[in-house]
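**Student:** sharing a model prediction with you, sequence too.
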Amino acid sequence: MPERAEVQVRPGVEGDLEALTDLYNHYVNETAITFDTALFTPEERRPWLLSHPVDGPYRLLVATGADPRRILGYATSSPFRAKPAYATSVETTVYVAPDAGRRGVGTLLYRGLFEALAGEGLHRAYAGVAQPNEASTRLHERFGFRHVGTYREVGRKFGRWWDVAWYEKEL
């Protein structure tokens, strides 16, 4: 893993689709961090990628290291809910490659994401964190998110129930 100074954060592009899909599929297959249960093909993930343009409130940022083709992680802001009155709220998320954790990649991604969102007319960011996930909880708290509630046993994956803690941040 490159040192933190070598990590570059940039907008995600269509050329990243395969690497982003592979990274997400790791979390689908190996963890309860996402409640998706079936692996995706890059073609199935294309609409997701295209829903995050370079500007506007819905962003996709990727982190790369010495090899710019290798995705170390990504962060997104997406619509919080579909109804029009929610338009000034976003849901944010971060995924870091399993071998790139605990090296500040998530911090760099969130810093870049929130800098990119400044001036977009947004009011709040929300994040759901499947429990337990101490690393994600610490990351969100470091960026000023505060715990606002927990949905108990809201998801079922790998034969067990999972809670999701919800966090909010004023933008």
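**Tutor:** That came in fine, so what should we check first? Numbering: from 1, shown residues only.

**Student:** ok now do the spatially closest residue to Leu17 that is not a sequence neighbour, which residues does it touch?
**Tutor:** For Leu17, ignoring the flanking residues on the chain, the nearest one in space by Cβ to Cβ, 6 or more residues apart in numbering is Pro42 at 4.8 Å. For the C-beta atoms, the positions are set from N, CA and C on the backbone; glycine is no exception. With contacts defined as Cβ atoms under 8 Å, 6 or more residues apart in numbering, the neighbours of Pro42 are 17-18, 21.

**Student:** ok, Pro42 to Arg69 distance?
**Tutor:** Taking Cβ to Cβ, to the nearest Å as the measure, Pro42 falls 14 Å from Arg69.

**Student:** surely Arg69 and Glu18 touch.
**Tutor:** No. Between Arg69 and Glu18 there is no contact under Cβ atoms under 8 Å: 9.7 Å.

**Student:** quick check, pLDDT for the residue nearest to Leu17.
**Tutor:** Looking at Pro42, its pLDDT reads 98.

**Student:** low pLDDT regions in the chain?
**Tutor:** Counting by pLDDT under 70, the chain contains low-confidence ranges at 1-5.

**Student:** which stretches in it count as strands?
**Tutor:** Using DSSP state E, the strands found in the chain span residues 8-11, 60-64, 71-79, 89-96, 124-131, 146-157, 160-170.

**Student:** now tabulate these in TSV and tack on mean neighbour count and distance to Asn25.
**Tutor:** Shown next, in TSV, are these (neighbours: other Cβ atoms under 10 Å; distance: least, Cβ to Cβ, whole Å):
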stretch	mean neighbour count	distance to Asn25
strand 8-11	16	22
strand 60-64	23	16
strand 71-79	22	12
strand 89-96	22	11
strand 124-131	19	17
strand 146-157	12	14
strand 160-170	16	19
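
**Student:** between those strands, which one is closest to Ile33.
**Tutor:** Smallest distance to Ile33 across the strands of the chain (Cβ to Cβ): 5.4 Å, for strand 124-131.
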